[in-house]
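>>> no FASTA, just this:
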């Protein structure tokens, strides 16, 4: 009996065009499945892929697998931002198990007024020290000159946003492991911070799948392939989960 039962006519049409990917997923998603979507990690993939994930179409697609028992969605909320708050409400209405918290907004000074032209004080806020050590003096001076040019235009600080869900995702995986009978864990992320919990799950006999995109997976996670981690390229399900206007030519019928 097939686990996949299309929730919409459009999904059925796409399956009729090419059911090979669905067959592969049915083999990968064994037994009871829980999914964990780290949206802060997933959202930037659109820049690399050239297409965007549609939360509604993604939910319809995943709901077509009758053995996916939980889809947890982790996303930050920009408090006071109507679009952000509407997006989070929409996720809940679609039936995702949503975990959210306010996005931290930090102002980082780029005021070069009293900074020595050869100082790394500003650059090190954005560039790893291990890389800065390889820069010559001319490069540092050039970077500080660029900061000064921004100052001349009235820009003395930039806004940085942060909202990390590594702890929450790791916690939920642990709770699910202890309380629920789960056979397969599916993480949508490529973050190296998940290497340890994934390694532990694999060593405990669990199936772990990583849904990601090429060159967006950390070396630490890629190395776990030798232990049994399977990395599924979401390019294969683009037409099932992307914005409708981005579906490949001829795929709508």
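Done, it's in. All values reported here derive from a predicted model rather than from experimental measurement. Residues are numbered from 1 along each chain as shown.
>>> who touches stretch 180-194?
Contacts of stretch 180-194 from elsewhere in the structure, counted by CB atoms under 8 Å, 6 or more residues apart in numbering, are 28-38, 41-42, 69, 166, 169-170, 173, 176, 198, 201, 206-213, 216-221, 234. Just so you know, the C-beta spots here come from the backbone N, C-alpha and C atoms, and that holds for glycine as well.
>>> Just the mean pLDDT for it, thanks.
Mean pLDDT, taken over the full extent of stretch 180-194, equals 91.
>>> And for stretch 203-218?
The predicted model gives stretch 203-218 an average pLDDT of 89.
>>> how long is that stretch from one end to the other?
The first residue of stretch 203-218 is 20 Å away from its last residue (CA to CA, to the nearest Å).
>>> buried ones in it?
By neighbour count on 16 or more other CB atoms under 10 Å, the buried set for stretch 203-218 is 206-213, 216-218.
>>> The closest residue to residue 164 other than its chain neighbours: what's it in contact with?
Residue nearest to residue 164 in three dimensions, not counting chain neighbours: residue 40, with 6.9 Å by CB to CB, 6 or more residues apart in numbering. For residue 40, the residues meeting the contact criterion (CB under 8 Å, 6+ apart) are 74-76, 163-165.
>>> try residue 242
51-54, 57.
>>> again, but for residue 163
By CB under 8 Å, 6+ apart, the contact set of residue 163 is 40, 76, 101-104.
>>> make it 7 Å
Contacts of residue 163 were listed using CB atoms under 7 Å, 6 or more residues apart in numbering, and they are 40, 76, 101, 103-104.
>>> Just say helix, strand or coil for residue 93.
helix (DSSP: H, G, I helix; E, B strand; the rest coil).
>>> That one and residue 213, how far apart?
Relative to residue 213, residue 93 is positioned 27 Å away (CB to CB, to the nearest Å).
>>> can you tell me which strand in the protein is longest?
Under DSSP state E, the strand in the chain containing the largest number of residues is strand 68-77.
>>> Sticking with residue 186, tell me its helix or strand.
Residue 186 is located in strand 184-188, with elements delineated by DSSP states H and E.
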